[in-house]
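Q: fold the following.
(one chain, ligands or ions: 1)
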Amino acid sequence: MGALDERLDLLYRLGGGAGANRIAGGDAETRACELVSEWLEEAGLEVERDAFGNVVGRLRGSRPELPEVWTGSHLDSVPDGGRYDGALGVVAAIEAVIAVGRAERTLGVVAFRDEERGCNGSLAAVAGGRLPGRFVELHVEQGPVLERLDAPLGVVTSIVGSTRREVVFEGAAGHAGTTPMDARDDALVAAAEYVLRVRAAARAIDGAVATVGRLEVEPGAVNVIPGRVRLTVDARAPDADRLGQLLEALDLGPGIDLAPVELDPTVRAVLREELERLGLPAVELPSGAGHDAGVLAAAGVETGMLFVRSLNGGVSHSPDELTSDEDVALAVDALTGALRRLADS
Ligand SMILES: [Zn+2]
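A: All right, here's what the predicted structure looks like:
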């Protein structure tokens, strides 16, 4: 078992329970930050914490006046989360920066706090104004695309934009036994047709996804025709045009909650070339989940993201999350090559 694997295990076990339990703000997340700080210091990096508790370890460059190049991810997890989500991006970053060694630009390994509840650590870093010039986040895909393509690694094109809405269907409640079928105004039947429309609309737009995740039926009795249904729609697409089309197709009107973020074309090209150097297909894909990388990109940092294949059908936020040692080794290799180039130009 190599150092990276041992470190993943140590982080995984910190909070006890059935999976990763490093909940933001809890003892295990704090302990994870302390452990990572120790590993960074052992590796000879200068470690610093910002006011929010984000950890940055720096390896001073020969031209420290140039904007810094950072890599890393987050250390918090959801309850009973997976072994790789967030943690892999931090431990891989340590290995890659050690492998690059001293470069022109100062290299930084960052461990953001409190990502799972809405990227609060990276948002705090942006608000504090202490940002690198370039950032690369390595993260597990958390989906099945790379596994289906038989590709170990992928370069992220954008972080999807999303909109969440509540839709209400009004009908007329009535007696389930005495109201003839042709005299009903069943709110749940209308809602059911809409749920199917949501699926069809998302399938018709490349890269779009949409989900009805909650449905409340009133009055909710076995022998009463539903009079009112409230449901939620979560709609996502890789760019504003496609998200707009999706919202229109669902009669949701305009309005994007979280704007899509395009990742930096130069950093993406460097990552693609690293995959080619390793003899791998240079797969590109959007990220359907939010990430600290999206926050930094939106703040003007030249940002790229490298996805590593998730096995087990792409399951994530679960102890079943799995990524192979071989894929992790390839990812560290690609990240090392990319950092070397980004820190010397
Ligand atoms: Zn994550």
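Q: give me phi/psi at the residue lying closest to residue 87 once chain neighbours are set aside?
A: Distances taken as C-beta to C-beta, 6 or more residues apart in numbering place residue 11 nearest to residue 87, at 4.6 Å, with adjacent residues excluded. The way it works is simple: take the backbone N, C-alpha and C, and place the C-beta from them, glycine included. With angles defined as degrees, to the nearest 10, residue 11 sits at phi -70, psi -40.
Q: what's the spacing between residue 11 and residue 107?
A: 22 Å (C-beta to C-beta, to the nearest Å).
Q: with residue 168 instead?
A: From residue 168 to residue 107 the distance is 52 Å (C-beta to C-beta).
Q: those two: who's more crowded?
A: Higher neighbour count among residue 168 and residue 107: residue 107, with 28 against 11, using other C-beta atoms under 10 Å.
Q: quick one: contacts for the nearest residue to residue 308 once chain neighbours are set aside?
A: Excluding the flanking residues, the one nearest residue 308 by C-beta to C-beta, 6+ apart is residue 331, at 4.5 Å. Counting by C-beta atoms under 8 Å, 6 or more residues apart in numbering, residue 331 makes contact with 88, 92, 138, 152, 153, 306, 308.
Q: can you tell me the element residue 331 falls in?
A: helix 325-343 (DSSP states H and E).
Q: list the buried residues for that helix?
A: For helix 325-343, burial by neighbour count (16 or more other C-beta atoms under 10 Å) applies to 327-328, 330-343.
Q: again with stretch 85-100
A: 85-98, 100.
Q: and the ion, which of the residues you listed reach it?
A: For the ion, the contacts drawn from the buried residues of stretch 85-100 by C-beta under 5 Å from the ion are 85, 86.
Q: closest to residue 188 among the buried residues of stretch 85-100?
A: Here the nearest of the buried residues of stretch 85-100 to residue 188, counting by C-beta to C-beta, is residue 85; it sits at 36.1 Å.
Q: the closest one contacts residue 321, correct?
A: Yes: using C-beta atoms under 8 Å, residue 85 is in contact with residue 321, at 6.3 Å.
Q: which neighbours do those two share?
A: In contact with both residue 85 and residue 321: 140, 142, using C-beta under 8 Å, 6+ apart.
Q: what residues does the stretch 151-300 of the chain put near the ion?
A: So the stretch 151-300 of the chain never meets the ion (C-beta under 5 Å from the ion).
Q: all helices for the stretch 151-300 of the chain, in order.
A: 187-203, 240-249, 265-277, 292-298 (DSSP state H, counting those that start in this stretch).
Q: same for the last one, what does it pack against?
A: Spelled out, that is helix 292-298. Counting contacts by 3 or more C-beta pairs under 8 Å, 6 or more residues apart in numbering; DSSP states H and E, helix 292-298 packs against helix 120-128, strand 134-140, strand 153-159, strand 261-262, strand 302-308.
Q: mind redoing it with 6 Å?
A: helix 120-128, strand 261-262, strand 302-308 (3 or more C-beta pairs under 6 Å, 6 or more residues apart in numbering; DSSP states H and E).
Q: the third one too?
A: Other elements packing on helix 265-277 under the criterion 3+ C-beta pairs under 6 Å, 6+ apart are strand 153-159, strand 302-308, helix 325-343.
Q: elements contacting the second one?
A: Put plainly, it is strand 302-308. strand 134-140, strand 153-159, helix 265-277, helix 292-298.
Q: which residues touch the second one?
A: Contacts to strand 153-159, defined as C-beta atoms under 6 Å, 6 or more residues apart in numbering, come from residues 146, 238, 260-263, 268, 271-272, 275, 280, 283-287, 294, 305, 307, 331, 334.
Q: what does the first one give?
A: The set of residues external to strand 134-140 that reach it, using C-beta under 6 Å, 6+ apart, is 69-71, 73, 84-85, 89, 92, 293, 296, 301-306, 308, 310, 323, 331, 335, 338, 342.
Q: tell me the residue of the stretch 201-345 of the chain that sits nearest the ion?
A: Evaluated by C-beta to the ion, the stretch 201-345 of the chain has residue 291 as its residue closest to the ion, separated by 6.4 Å.
Q: could I get the contacting residues of the closest residue in space to residue 115 that isn't next to it in sequence?
A: Computed as C-beta to C-beta, 6+ apart, the closest residue to residue 115 that is not its neighbour in sequence is residue 74, at 3.4 Å. Contact analysis of residue 74 by C-beta under 6 Å, 6+ apart lists 86, 112, 115, 292.
Q: for the helices and strands packed on strand 302-308, give me TSV that also has mean pLDDT and mean neighbour count.
A: As requested, those are exported to TSV (pLDDT from 0 to 100; neighbours: other C-beta atoms under 10 Å):
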stretch	mean pLDDT	mean neighbour count
strand 134-140	98	28
strand 153-159	97	24
helix 265-277	98	19
helix 292-298	95	26
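Q: tabulate the ones you listed (JSON lines), appending distance to residue 175.
A: JSON lines is the format used below for these (distance: least, C-beta to C-beta, whole Å):
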{"stretch": "strand 134-140", "distance to residue 175": "52"}
{"stretch": "strand 153-159", "distance to residue 175": "50"}
{"stretch": "helix 265-277", "distance to residue 175": "61"}
{"stretch": "helix 292-298", "distance to residue 175": "51"}
